[in-house]
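Asks: Sequence and predicted structure, then a few things I'm wondering about:
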Amino acid sequence: MRKTFQLRPEGKHPDRVLDAVKHEIRKYIKRERRRDLPEGVDFWDFDCKFGTAQDTAATVHLAELTGLIDGIAKAEGPQFYVEILAKHGHRKAKPAGEASASASA
């Protein structure tokens, strides 16, 4: 998903537009996570970029997106750009020291 969202469209309440944008992003992420995993892949991971425009977008973590969107909305920004691309995720084994420490806790 690579899209610029308008937060102040003519004739629509900004709060409803914000809710619709968040819903569309969550719906896209859920749809991507439902896809079948290729052989040797543990989960779907996401590369995300966020900014006020496509040129100024910076790499962010997926969990930070909602907070960044709320920040743009509070600052009454007219639009923002979001890019979310699915990629293959592989689980990493915990080091032996961490595994025994978490088991005893």
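Replies: That came through fine.
Asks: tell me the centre residue of the protein?
Replies: For the chain, the residue nearest the mean C-alpha position is residue 62 (3.5 Å; CA atoms, centre = their mean).
Asks: which of the residues in the longest helix anywhere in the chain are buried?
Replies: The residue-count maximum for a helix in the chain (DSSP state H) belongs to helix 14-34. Residues 17, 18, 21, 22, 25, 28, 29 are the ones in helix 14-34 that count as buried (16 or more other CB atoms under 10 Å). Every residue, glycine included, has its C-beta placed from N, CA and C.
Asks: so what secondary structure elements neighbour that helix?
Replies: Packed against helix 14-34 by the contact rule (3 or more CB pairs under 8 Å, 6 or more residues apart in numbering; DSSP states H and E) you find strand 43-51, helix 65-74, strand 79-89.
Asks: Format these as TSV; extra columns: mean neighbour count and mean pLDDT.
Replies: Output for those, formatted as TSV (neighbours: other CB atoms under 10 Å; pLDDT from 0 to 100):
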stretch	mean neighbour count	mean pLDDT
strand 43-51	16	96
helix 65-74	15	97
strand 79-89	16	96
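Asks: Tell me which of these lies nearest to residue 3.
Replies: When those are compared by CB to CB, strand 79-89 sits nearest residue 3, at 6.2 Å.
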